[in-house]
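Asks: take this sequence and fold it.
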Amino acid sequence: MLYLFSAASSSGHTIRSIEVLLRAGPILGLAILLMIVWVISFLVYHIAGFFIHLLIIVALILFVVQLFAGKKR
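Replies: So this is what the prediction gives:
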């Protein structure tokens, strides 16, 4: 863990160290979880952004082809 307890440490110091560890543990875990989610979302949205732009280009090409071809009656 974060703290090493020695036999020479006083009881009050050990209790305070445990309290600090218990307070920082969930916050540290939450910070790590949020960083992991941020990195994953950063990668996913860049990939999704590429596909969205690709779909817009395909839609524009199909629109221009339809515009010039027109409907044959």
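
Asks: check the gap between S17 and L28 for me.
Replies: For S17, the distance to L28 (Cβ to Cβ, to the nearest Å) stands at 15 Å. Every C-beta, even on glycine, is put in place using the N, C-alpha and C of the backbone.

Asks: quick one: which of the two has more around it?
Replies: Higher neighbour count among S17 and L28: S17, with 16 against 12, using other Cβ atoms under 10 Å.

Asks: from A24, how far off is that one?
Replies: S17 sits 11 Å away from A24, going by Cβ to Cβ.

Asks: centroid-nearest residue for the protein?
Replies: Nearest to the mean C-alpha position of the chain, counting by Cα atoms, centre = their mean, stands W38 at 1.9 Å.

Asks: please report how far it lies from I47.
Replies: Counting by Cβ to Cβ, the gap between W38 and I47 amounts to 15 Å.

Asks: do the same with I56
Replies: In terms of Cβ to Cβ, I56 sits 15 Å off from I47.

Asks: okay, now the unreliable bits of the protein?
Replies: For the chain, the stretches with pLDDT under 70 are 1-12, 21, 71-73.

Asks: try it again at 50.
Replies: Within the chain, the segments meeting pLDDT under 50 span 1-3, 5-9.

Asks: and the helices in it, which stretches?
Replies: 11-69 (DSSP state H).

Asks: state the number of residues packed around R16.
Replies: Neighbours around R16, by other Cβ under 10 Å: 12.

Asks: let me redo that: L34
Replies: For L34, the neighbour count with other Cβ under 10 Å is 10.

Asks: what's the answer for V20, then?
Replies: V20 is flanked by 12 other residues according to other Cβ under 10 Å.

Asks: repeat for V65
Replies: For V65, the neighbour count with other Cβ under 10 Å is 9.
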